[in-house]
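Enquirer: can you look at this prediction? I've put the sequence above it.
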There are 4 protein chains.
Amino acid sequence: MNRPGQGNPPLVSESRLRVRYAETDQMGVVYHANHFVWFEVGRVELLRQLGFSYREMERQDHCHLAVVEAYCRYRAAAVYDEEIIVRTSIKQMRGSVVHFGYQLLRAANGELIAEGETTHFALNAEKEITPFPEKYRKALRQAMGR
Amino acid sequence: MNRPGQGNPPLVSESRLRVRYAETDQMGVVYHANHFVWFEVGRVELLRQLGFSYREMERQDHCHLAVVEAYCRYRAAAVYDEEIIVRTSIKQMRGSVVHFGYQLLRAANGELIAEGETTHFALNAEKEITPFPEKYRKALRQAMGR
Amino acid sequence: MNRPGQGNPPLVSESRLRVRYAETDQMGVVYHANHFVWFEVGRVELLRQLGFSYREMERQDHCHLAVVEAYCRYRAAAVYDEEIIVRTSIKQMRGSVVHFGYQLLRAANGELIAEGETTHFALNAEKEITPFPEKYRKALRQAMGR
Amino acid sequence: MNRPGQGNPPLVSESRLRVRYAETDQMGVVYHANHFVWFEVGRVELLRQLGFSYREMERQDHCHLAVVEAYCRYRAAAVYDEEIIVRTSIKQMRGSVVHFGYQLLRAANGELIAEGETTHFALNAEKEITPFPEKYRKALRQAMGR
């Protein structure tokens, strides 16, 4: 039940991907930099679920999300050809900054493979830090459950 | 001595790189798509040796080299941490098309790892096929030994 | 109509993927080496449709498909966030060699983005060229429509 | 002069690389996951400077460095074709855990592009967490200036 002043539960988007051979390394598991590529897949799907595409955000509104911080904690190895669930949510948004949280799960059994966070600045066409355009701010706030 | 109709020997540029862990796959060797990234490293170094940078070619002259064909024949596996020599030459140039040839060699013993070719169209700022700007045409022709 | 001695039509597998931001380059389109990664996605899905997984092929039967040749012809640019269809078929199989063909199509309108081919040797656990294990040979031949 | 309890200054290894076209994205700068690949280039060079190669560490001593945490803070964009200096040091080592620190600098002017950290467990051939073999522990401790 939502009491006054509480709002909706935060949106958690889920997308799925299958591990590619190209993403493995000679240790026989997924190379650790690819997790950040997967985080981005999740980020874009979360935005899509909010009703807008990051492609249009860049093209039409000249609003870019520049990464300023990225963090990942690796819990278990991801292996070739398995299905991965990317769970993404918005942790915080304020002014020109948005903060995403991620979990990577093994689809077969729900095991946590990794979790991480990224922080982004909104940039305008001149690549200057800029507040989020109103329509995005509204959608992002909604996704945070506020 | 250059006799009439003969010209200089074609320029063969050599650049070196070291195999990164990220470039290996779970078969324990370099993943085959990376060879095309290395070809590009060679291509850029050949241009640099001709006295201009591909970066400036894009930035100042709005001339882009779009890949239209790429081919690689794999002879031997490249392994983690070894040094690779990328040998690049220009095979052909005509109008808007330039054709590069590549050899990847194991630096330790000169063994041929792969050889390949790429074909490119010159594009202008509007991404239309365009003849090479005169200064590039001249340099490229020179590199072909003509 | 299938006459005696002719067999079924060849299997063409279709898989879909969405272009990742990581796959673009500063020309604003997908970097050309990624098409080979997508070919591999198609190859693996074709095998899966034949009833076996490449992962198990490596793990259980110690049969590896080493790339010996790769070719791509680029027809149109693939752009960020669009959906791509990878259409894969087996062109030829003989002894230890299998030859795949690929088409990359823009899902939105069916436009051909690229087409290509790869040739592979079957390798055993010792990384020696080996004839395909019978079960794979049978399935691959079936996929060729014979 | 080394006074008791002080030791040598910690080793800071420097390696150089040139930004590849494949590493850029459509924002016109280096895609953020590549910084972790560059950190790894620095890590391997630091080990090489200590007199051993990570390749041999894996091959001969079956000691693998599995990444358990990775962090990067992005300060400025890295652009195509520029030279990057990767500065790497060992922050901590204890039992089975080693902690590296990195700085990425623009070679042209020394500007800080990014800084980060990675934490690794040593794994044995069975992929179990294991204390560092004595010869590595000694070298790593030395690199920390102790």
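Expert: Arrived safely.
Enquirer: rest of the way, CA atoms for contacts and neighbours
Expert: Will do.
Enquirer: ok, so what distance separates the closest residue in space to A:His64 that isn't next to it in sequence from A:Tyr71?
Expert: Closest residue to A:His64 apart from its sequence neighbours, by CA to CA, 6 or more residues apart in numbering or on different chains: A:Leu123 at 5.0 Å. Per CA to CA, to the nearest Å, A:Leu123 is found 21 Å from A:Tyr71.
Enquirer: for A:Ala77, same thing?
Expert: As judged by CA to CA, A:Ala77 and A:Tyr71 stand 17 Å apart.
Enquirer: sorry, back to before: who's the residue nearest to A:His64 bridged to?
Expert: Counting by DSSP bridges, A:Leu123 is bridged to A:His64, A:Ile129.
Enquirer: that one: neighbour count?
Expert: 20 (other CA atoms under 10 Å in any protein chain shown).
Enquirer: with A:Phe121 instead?
Expert: 24.
Enquirer: got the contact list for the residue nearest the centre of chain A?
Expert: Chain A has A:Arg43 as the residue nearest its centroid, 2.7 Å off, counting by CA atoms, centre = their mean. Taking CA atoms under 8 Å, 6 or more residues apart in numbering or on different chains, we find A:Arg43 in contact with A:Thr88, A:Ser89, A:Phe100.
Enquirer: between the residues you listed, which has the most around it?
Expert: Among these, the one with the most neighbours (other CA under 10 Å) is A:Thr88, at 28 neighbours.
Enquirer: now do the contacts for the one residue in chain A that gets nearest to chain B.
Expert: Nearest to chain B, among the residues of chain A, is A:Asp25, at 3.9 Å (CA to the nearest CA). Contact partners of A:Asp25, counting by CA under 8 Å, 6+ apart, are A:Tyr31, B:Tyr21, B:Ala22, B:Glu23, B:Thr24, B:Asp25, B:Gln26, B:Gly28.
Enquirer: how much space separates it from chain D?
Expert: With distances taken as CA to the nearest CA, to the nearest Å, A:Asp25 is found 12 Å from chain D.
Enquirer: ok, and the closest non-adjacent residue to that residue?
Expert: B:Asp25 (3.9 Å).
Enquirer: cool, A:Val30 as well?
Expert: Nearest non-adjacent residue to A:Val30, counting by CA to CA, 6+ apart: A:Thr24, 4.1 Å away.
Enquirer: how many other residues sit next to that neighbour?
Expert: A:Thr24: 26 neighbours (other CA under 10 Å).
Enquirer: per-residue pLDDT, it?
Expert: Listed pLDDT for A:Thr24 reads 97.
Enquirer: thought A:Val79 was touching A:Tyr31?
Expert: No - under the criterion of CA atoms under 8 Å, A:Val79 makes no contact with A:Tyr31, lying 9.7 Å away.
Enquirer: ok, and for the lengthiest helix in chain A, which residues are buried?
Expert: Using DSSP state H to define each element, chain A has its longest helix at helix A:34-49. By neighbour count on 16 or more other CA atoms under 10 Å in any protein chain shown, the buried set for helix A:34-49 is A:34-47, A:49.
Enquirer: nearest to D:Gly110 among the residues you listed?
Expert: A:Phe36 (26.6 Å; CA to CA).
Enquirer: now that closest one, nearest residue through space, not along the chain?
Expert: Setting aside the residues directly before and after it, A:Phe36 is nearest to D:Ala33 in space (CA to CA, 6+ apart), at 5.9 Å.
Enquirer: only alpha carbons, please: show stretch A:46-66 as CSV.
Expert: Only the C-alpha atoms of stretch A:46-66 are listed here, as CSV (Å, rounded to 0.1, in the frame of the first residue of the first chain):
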residue,chain,number,x,y,z
LEU,A,46,15.4,0.9,-18.3
LEU,A,47,15.1,4.2,-20.2
ARG,A,48,13.1,2.4,-22.9
GLN,A,49,10.7,1.1,-20.3
LEU,A,50,10.3,4.7,-19.1
GLY,A,51,9.0,5.5,-22.6
PHE,A,52,12.0,7.1,-24.3
SER,A,53,15.0,5.9,-26.1
TYR,A,54,18.6,7.0,-25.3
ARG,A,55,19.1,7.2,-29.1
GLU,A,56,16.4,9.9,-29.4
MET,A,57,17.7,11.5,-26.2
GLU,A,58,21.0,12.1,-28.0
ARG,A,59,19.6,12.8,-31.4
GLN,A,60,16.7,15.0,-30.7
ASP,A,61,17.4,16.6,-27.4
HIS,A,62,21.2,16.6,-27.7
CYS,A,63,21.4,15.2,-24.2
HIS,A,64,24.3,12.8,-23.5
LEU,A,65,24.9,10.8,-20.5
ALA,A,66,28.7,10.9,-19.8
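Enquirer: pull the distance from the lowest-mean-pLDDT helix or strand in chain A to the chain's centre.
Expert: Across the helices and strands of chain A, mean pLDDT, DSSP states H and E gives its lowest value to helix A:134-143, namely a mean of 88. Put simply, helix A:134-143 sits 15 Å off its chain's centre (CA atoms, centre = their mean, to the nearest Å).
Enquirer: how about the CA coordinates for that helix, as PDB?
Expert: Provided in PDB are the C-alpha atoms of helix A:134-143 (Å, rounded to 0.1, in the frame of the first residue of the first chain):
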ATOM      1  CA  GLU A 134      12.300  18.400 -17.800                       C
ATOM      2  CA  LYS A 135      10.700  15.400 -19.500                       C
ATOM      3  CA  TYR A 136      13.600  13.200 -18.600                       C
ATOM      4  CA  ARG A 137      13.800  14.500 -15.000                       C
ATOM      5  CA  LYS A 138      10.200  13.700 -14.500                       C
ATOM      6  CA  ALA A 139      10.500  10.100 -15.900                       C
ATOM      7  CA  LEU A 140      13.700   9.400 -14.000                       C
ATOM      8  CA  ARG A 141      12.100  10.600 -10.700                       C
ATOM      9  CA  GLN A 142       9.100   8.400 -11.400                       C
ATOM     10  CA  ALA A 143      11.400   5.500 -11.900                       C
END
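Enquirer: now do the buried residues in it.
Expert: Across helix A:134-143, burial judged by 16+ other CA under 10 Å covers A:Tyr136, A:Arg137, A:Ala139, A:Leu140, A:Arg141, A:Gln142, A:Ala143.
Enquirer: same deal with stretch A:108-121?
Expert: By neighbour count on 16+ other CA under 10 Å, the buried set for stretch A:108-121 is A:Leu112, A:Ile113, A:Ala114, A:Glu115, A:Gly116, A:Glu117, A:Thr118, A:Thr119, A:His120, A:Phe121.
Enquirer: OK, contacts around the last one?
Expert: Under the criterion of CA under 8 Å, 6+ apart, the neighbours of A:Phe121 are A:His64, A:Leu65, A:Ala66, A:Val67, A:Val68, A:Ser96, A:Val97, A:Val98, A:Ile129, A:Thr130.
Enquirer: circling back to that earlier point, you'd agree the residue nearest to A:Phe36 is up against A:Glu40?
Expert: No - applying CA under 8 Å as the test, D:Ala33 and A:Glu40 come out as separate, 9.9 Å apart.
Enquirer: the strands in chain A, which residues?
Expert: Using DSSP state E, the strands found in chain A span residues A:13-18, A:64-74, A:83-94, A:97-106, A:112-123.
Enquirer: among these, which is nearest B:Leu105?
Expert: So among these, strand A:13-18 is nearest, using CA to CA, at 33.4 Å.
Enquirer: contacts for the closest one?
Expert: Residues from elsewhere that reach strand A:13-18 (CA under 8 Å, 6+ apart): A:41-42, A:45-46, A:49, A:81-89.
Enquirer: on that earlier part again, do you know how far the residue nearest to the centre of chain A is from A:Phe132?
Expert: Separation of A:Arg43 from A:Phe132 (CA to CA): 16 Å.
Enquirer: likewise for A:His120?
Expert: To A:Phe132, A:His120 is 11 Å away according to CA to CA.
Enquirer: perfect, that will be all.
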